[in-house]
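Visitor: model this:
(2 chains)
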Amino acid sequence: MQAMAKGYIRWTFVVFMIILVLLELFPLLWLFDFSLLKSGDFYGSQILKWPNPPKWKNYIDAYHNAHIPKLFMNSIIVSAVSIFAIIGCSVAMGYAVVRMEWRFRKVAFTLLMAGMIIPIYSTLLPTFSLFNEVGLLNSYAALILPYAAFQIPISMYIITAFLETIPRALEEAAVMDGASVPGLIFRIILPVLKPAIATIAVLAFLSCWNEFIMAVTYIDTDRLRTLPFAVVYFMGQYSSNYGAQFAVLAMISIPSIVMYLLFTDQINRGITAGAVKG
Amino acid sequence: MHKIMSDRKTVFLLMAPGMVLFAIMIVVPIVISFYYSLTNWDGVGEYSFVGFKNYADIFDSDSIFGLSLRNSLLLGLGLVLIQHPFAILIAMLVQYCGRWEKLLRVCIFIPSIISTFVTTKLWVSIFDTTFGLLNRVLTIIGKSDWSQDWLGSPGYAIGCVILVLMWQGFGYAFILYYAGIKGVPKDLQEAAMLDGASQIQFNFRIVLPLLTPVLRINMVLAVVSAFKQMETVYLLTNGGPANSTQFMSTYLYSKAFRESMYGYGNAISILLVAICLIVTVIMNRAMKREVGEY
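Guide: Residues are numbered from 1 along each chain as shown, chains lettered A, B, ... in the order given. I've put the predicted structure just below:
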């Protein structure tokens, strides 16, 4: 009798978990399913339709007509430069804040931590006029500068948290041997910081890759647009080709999903590290 | 060692690039924003100083600003009262999934890493009146008269926006609690089991109280994020219909770029920064007192 009750609980549990996963993943399944359908198949009563045959042409159409390669390149350039700037600045600042002794150390750290609370879109208007004034609108820099600046506080925080767990003995030994601070950072700190750097790099990638509002506000030439804009492009021109629109959406999300699957642990660590401080 | 570590030139070189970036992209814009918030600039022409008139107008007569605050509060409540308790429950349950644990974790988190742009467009299609998933499901279960123009009617739109935001942020909330639960020492569980506690008792009497610090931070983060919200709303409804889903950041955007009230928009920006800072400080204080009892 008791075994049976246990069996029921077990089954309820399994069913509950499956429903949960479906709720989380269903919209995505739907996305990939519909990205393979003919446009005519969209209006029906079924929720999911087996794509028969799968219309891979949607992806080919989307690839060519939505200028995916160019937008992809723009996204990669903006993300990559931002990530390098973020890593460079955060490691340097993290080191100065944790290891070095100077007067305004606490003040600088507090100021940067307050930066985490500032909403990224509160500076949308002033930054727009600032860029307009100095002629930076419609340039890669118009996206790279704010992306990097807003990602620095959290990244630096992750670096400082990690640095504090590393004993100073290695650095002390190196100083005895006559190393300078840049030498210490490049030869000792950077190798040890690798996991933390991977974490901030992946978090930075996701935030730059997915950002949309600044990308439409500061950029209005087609030449410089980033990936999320592909759909807007496309919806104007091919408003009835739903299949291809879904294919564009699918193509944008694939890099993020791959990044996540490759770096699951780093991402989880970064998110939880950031939350410890708030 | 000490001499090297307190060398001012080195400190300056290390701090300067990041600080400059931080200053020109965050501090300076906020100062500029404050400057324009004192003017009646329309974004292109001449302007004159009007003192704190924009702020006075916002507080005296702008019902939409009030609405945007209400929406943020509603979203904050939704996150704190629905999303987070649910996330805690799921984080507790996932521990019992054995070899499926990792897969479940990945599945639950995936919506959070996909571009807001993609997930939002997806939800727009789900709520679509003609080929949307939601109305289709309602037809299948025989409730087609419940079908709605979900994002087009002021009453339902804000509900839909909050639902999408709860769905989208669920993975984040989950991961935070999951990590917290993983941090509970294993021998506590063994001790509790030896004393005859059931799994339910163990989770609610021991794990939950231990999660309090995590809970505290997450509540602060959730409420602040409700005030910061922009992208999803912008793409789902853009504040409409009839301003019913306006949030502070979408509102400042439409004031500045659609109604050409640039000075006014900047006043909202400044209030947005101020509100986020104040909410963070107040919540941190309030939460601390509560935890002090343990």
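Visitor: what about the chain, any weak spots by pLDDT?
Guide: Going with chain A. A:1-4, A:39-49, A:51, A:238-240, A:274-278 (pLDDT under 70).
Visitor: not quite, go with chain B.
Guide: B:1, B:289-294.
Visitor: now residue B:49: phi and psi?
Guide: phi -80, psi 140 (degrees, to the nearest 10).
Visitor: am I right that it is in contact with residue B:36?
Guide: No. The criterion here is Cβ atoms under 8 Å, and residue B:49 misses it with residue B:36 at 10.3 Å. C-betas here are computed from N, CA, C, even on glycine.
Visitor: for the two, indicate the residue with more neighbours.
Guide: Ranked by neighbour count (other Cβ atoms under 10 Å in any protein chain shown), residue B:49 and residue B:36 place residue B:36 first, with 24 against 11.
Visitor: show me where the stretch 1-150 of chain B has helices.
Guide: B:2-5, B:8-22, B:28-37, B:53-61, B:63-78, B:84-94, B:101-113, B:116-127, B:133-140 (DSSP state H, counting those that start in this stretch).
Visitor: would you mind finding the most buried of the ones you listed?
Guide: Stretch with highest mean neighbour count among the helices of the stretch 1-150 of chain B: helix B:116-127 (a mean of 23; mean count of other Cβ atoms under 10 Å in any protein chain shown).
Visitor: who's in contact with that helix?
Guide: By Cβ atoms under 8 Å, 6 or more residues apart in numbering or on different chains, the residues outside helix B:116-127 that reach it are A:27-28, A:30-31, A:210, A:212, A:228, A:231, A:249, A:252-253, B:111, B:131-134, B:150-151, B:160, B:164, B:167-168, B:231-232, B:235-236.
Visitor: ok, the residue most central in space within chain B to residue B:66 distance?
Guide: Geometric centre of chain B, nearest residue: residue B:225, 2.5 Å, by Cα atoms, centre = their mean. Going from residue B:225 to residue B:66 by Cβ to Cβ, to the nearest Å gives 20 Å.
Visitor: same check on residue A:17?
Guide: Counting by Cβ to Cβ - residue A:17 and residue B:66 are separated by 42 Å.
Visitor: what's the answer for residue B:167, then?
Guide: Distance from residue B:167 to residue B:66, by Cβ to Cβ: 27 Å.
Visitor: just residue A:79 next, same as before
Guide: Counting by Cβ to Cβ - residue A:79 and residue B:66 are separated by 38 Å.
Visitor: what's the answer for residue B:263, then?
Guide: 20 Å.
Visitor: likewise residue B:42?
Guide: 24 Å.
Visitor: swap in residue A:193?
Guide: 47 Å.
Visitor: number of residues surrounding residue 228?
Guide: In the absence of a named chain, chain A is used. Neighbours of residue A:228 (other Cβ under 10 Å): 26.
Visitor: you answered for a different chain; I wanted chain B.
Guide: By the other Cβ under 10 Å criterion, the neighbourhood of residue B:228 contains 22 residues.
Visitor: the residue nearest to it when sequence neighbours are not counted: what's it in contact with?
Guide: By the measure of Cβ to Cβ, 6 or more residues apart in numbering or on different chains, the closest residue to residue B:228 outside its immediate chain neighbours is residue A:119, 4.1 Å from it. Residues counted as contacts of residue A:119 (Cβ under 8 Å, 6+ apart) are B:227, B:228, B:230, B:249, B:272, B:273, B:276.
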